[in-house]
Structures are given as structure tokens and as C-alpha cells.
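>>> Here is my input, please return the structure:
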Amino acid sequence: MSLTAPHPRRLNNSAETFGSIAKALHWLTALLIMAVIPLGLVAERWPHDSGEALAVKATLFSAHKTLGLAVFFVALLRILWALAQPRPAPLHPERRLETLAAETVHWALYAALVLVPLSGWVHHAATTGFAPIWWPFGQSLPFVPQSPLLATLAGAAHGLFAWLMIGALVLHIGGALKHHLIDRDAVLRRMLPGQPALARAEAPHQRHGLLPPLLALGAFVALAMVAFQSTPAPAAQNAAAITAPVRAETADGWQVLDGRLEIAVTQMGQRVSGSFAGWAASITFDETRNDGPLGAVEVMIDIASLQLGSVTSQALAADFFDVANHATARFSAEIRAHDGTDGGTDDGAEYLAEGMLELVGRQVPVALPFSLSIEGDEARMQGALTLDRRDFDIGASYPDERSVGFAVSVDVALSARRER
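Prediction:
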């Protein structure tokens, strides 16, 4: 009785087959891709019409992003290992065109495995929004600024590279099935775990029908195409509807030169910041008055000009700012000296603008404490306050703070010139 020694497992590649490390990286990459695609598909189409639904949607996107970064790092490791290892010799060296095509697809797939998650990472870092990456790092990237334009470009690149990856995967899988089912050689088997070194399919192996693997390939292609199809573009926003400050006609009026109006909310535990590009202010103010209000301010805000990171479309929808029915917000207030005890929230502020904020069809009393510096006819102001979205019935379908926080921070700063 004779015993045949089992073929020793190899960590490194050889001229005949791939080593255990190359095989492990190959199949780990395949498993990650098959998880990332369905997660992206489901997350993109998951509803967000309630706090519970939004929490699930954010979790799905976080899983998609986190596994996508895992693909990125595994792909880098796999490429470095491939460059350091000999590649098994082609089983059909005489088929030069086929060998060239296989090599081209092989490296196109490698490139896509790096570029798809990298462009998605840049998009995530360039914008703000919910669904953080579940790693201790990764929310931002060096040399990647918060920029809507960069986020848009990175998002477009992500989609383009995704199609490159899909095409390379289809060709890669199709080539492997062709070798296994039609050529009946060892190309696919020498990448399978536990297989000995094989040069060619010397002995016939079990015959498999074409239908099951082709059906699996077709299902994968269909899933990938749907997962990465273009999502409907949001309606164009009128970001410049209110851009020029309103000129005051009174003797103590001030002409606004420039400024910013920013807001910040908390969504899924992450701070999301944004700003209104279109707003105008009419201001009267006389710091020498001894009695009564020192002046008045009226601010008109173009709600459609809001940019709030990756959640802009959601913020403008009916559940929140409802821009389709309430395109403009108005803040009308009197200005008086502020001593820190008359309704303001900032004891360091010198003045208080106290009045009514009309937003989404509701009027709520608001007090804005602010500091002011005047040099001659030039003035600079800066103020901040915190609103409660529930006062305006904003986000009523999100009744707790697990998904969207109640507090909305508002920061305003402007410079103005006295009109005489």
C-alpha cells in the first residue's frame, strides 16, 4: 500500500499556480465587492421619510463607505503583492491576443479597485453630511477642502470609475467561465484554494452545464448596472435670486458690502454645516441714540440658495424647508443695546436684534445677540444664535434627535458702510 503525499501549500506564486496569499487576497476582494454593490444599491433607494428610516439609510451608507475603503486598502496590498511576485505562466502562450486582452483587463480591474473607492473617499471628505465612515479616521483627507465643486467632480469620477470596474469585472468573470466551461483548462482552478500546481487540464474533469454559471454572471451584471446607474439630478437651485443688499433710504441707513449666513445641524451624530448664498439686508442704525431702539434690520433669505453638504436636497424638501411652497424667509427686528440679561444668549454681545423670524409659513420670536465694531463709516458685525426646528414644525416626521437634532446653529457676519 502506497500513500501519496499531499501537495504542499505555497505562500508565494510559482510558474504554475498562485500562492495562498494571492488566492486569499483575490477572494477577499471578490467578497468585499459583492457586499459593497448591494449595500450601495439598497442605501441609494432606501426611504428617509421618518427618523427610523433615515437611521437605517445612514447605516447602510456607512457600511457601504467603510467596506469601500476596505476594498481600497486590500486592492493596494494585492497590487503590491502582485508586483513582488512572479505571475504564473499563461496556459496558452500561443494565443497572444487572448493573453494581451487578459492582461489588459487584469490591470484595468486593479486600477478600478483603487480609483472607485478613492474617488468616493474624496467625495465624502469634500462635503458634509450623514453616514460617517466607521473607522477612527477617514472623515477628511489631507489637501481635500470642503468644496461643493470638488465633491461634484469626485462624485462624477466615482461613477465613471465604477463603470470601468463593472466592465472589467464582467470581462474577468466571463473569461474565467470561458476557460473553465469551454476550454476546460486549469485557469480558474489554479486560483481556487487547496488546488495543486496545474499546468493544463490533463485529465477530464466533471462536466458542468453552462446555464447555472451564466445565470449567475447575468444576475451579477444586472445588479451592478442598477447599483451604479445615475440617480436623478436634483432640480436646479436659484442660488442667486437674492444677491444684492437692499439699499436703505433713511439718513442713518447702512449699505451691506459683504457677509455670510451659515447654519449647522446635527444628523446621525455628525455636524453638518452649510450656508445661504442668496440673502439681502436693509439696516438702519444710529449708535448715538439715547433712548428707544438704536435701529432696525430686515433680512430676506432665498431658501433655495442653501448649500448643506450632501443633505442639501433633503433639507430643501417638504419635510424641512419646503422650498417649493416657502421660497423666502424674513427676519424683521429692532436693534437695541444688550446687557446680557434681556433675552440674549451671549453675555459678551453688545447689541441685540429682537424680532420675528418668518420661516416655512410660521412666525417665531427670535433674539440675535451680536458684537459690532465701527470705524468711521465702516462697520463689522458678528452674531450667533440657536434655533429649535420644532418651533417651526420643521422635520416633524423626525420626532427625536437620533436622526436629526433639534438645535440649528445660525452664524451671521457682515460688513457695511454708512450711507449719508
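
>>> got the contact list for residue 394?
Neighbour list for residue 394: 319, 320, 321, 359, 360 [criterion: Cβ atoms under 8 Å, 6 or more residues apart in numbering]. Any C-beta I mention is one placed from the backbone N, CA and C, and that applies to glycine too.

>>> Point out the ones among those that are inside strands.
The members of these that map onto strands under DSSP state E are residue 359.

>>> nearest to residue 367, of the contacts of residue 394?
Distance ranking of those against residue 367, using Cβ to Cβ, places residue 359 first at 15.2 Å.

>>> which residue sits closest to that closest one, ignoring its sequence neighbours?
Leaving out its chain neighbours, the residue that sits closest to residue 359 by Cβ to Cβ, 6 or more residues apart in numbering is residue 329, at 4.6 Å.

>>> quick one: residue 420 from residue 256, how far?
Distance from residue 420 to residue 256, counting by Cβ to Cβ, to the nearest Å: 16 Å.

>>> ok, back up a step: would JSON lines of the contacts of residue 394 with neighbour count, pLDDT and distance to residue 70 be doable?
As requested, those are arranged in JSON lines below (neighbours: other Cβ atoms under 10 Å; pLDDT from 0 to 100; distance: Cβ to Cβ, whole Å):
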{"residue": "319", "neighbour count": "18", "pLDDT": "87", "distance to residue 70": "33"}
{"residue": "320", "neighbour count": "23", "pLDDT": "92", "distance to residue 70": "33"}
{"residue": "321", "neighbour count": "23", "pLDDT": "94", "distance to residue 70": "36"}
{"residue": "359", "neighbour count": "24", "pLDDT": "95", "distance to residue 70": "42"}
{"residue": "360", "neighbour count": "17", "pLDDT": "94", "distance to residue 70": "41"}
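
>>> Which residue ranges of this protein form strands?
Under DSSP E, the chain gives strands at 253-267, 270-276, 279-285, 295-302, 306-307, 328-337, 351-359, 362-375, 378-388, 407-418.

>>> Residue 17: which of those strands is closest?
Nearest of the strands of the chain to residue 17, taken as Cβ to Cβ: strand 270-276 at 46.9 Å.

>>> Can you show me the CA trace of the closest one as PDB?
Written as PDB, here are the backbone C-alpha positions of strand 270-276 (Å, rounded to 0.1, in the frame of the first residue of the first chain):
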ATOM      1  CA  GLN A 270     -22.500  64.300  12.700                       C
ATOM      2  CA  ARG A 271     -22.300  68.100  12.400                       C
ATOM      3  CA  VAL A 272     -23.400  69.200   9.000                       C
ATOM      4  CA  SER A 273     -22.600  72.800   8.100                       C
ATOM      5  CA  GLY A 274     -23.800  75.000   5.200                       C
ATOM      6  CA  SER A 275     -24.700  78.500   4.100                       C
ATOM      7  CA  PHE A 276     -27.200  80.600   2.200                       C
END
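
>>> Just list what that strand packs against, helices and strands only.
Applying 3 or more Cβ pairs under 8 Å, 6 or more residues apart in numbering; DSSP states H and E, we find strand 270-276 packed against strand 253-267, strand 306-307.

>>> Can you list the buried residues in the first one?
Meaning strand 253-267. Of all the residues in strand 253-267, those buried under the rule 16 or more other Cβ atoms under 10 Å are 253, 254, 255, 256, 259, 261, 263, 264, 265, 266, 267.

>>> Alright, calling it a day.
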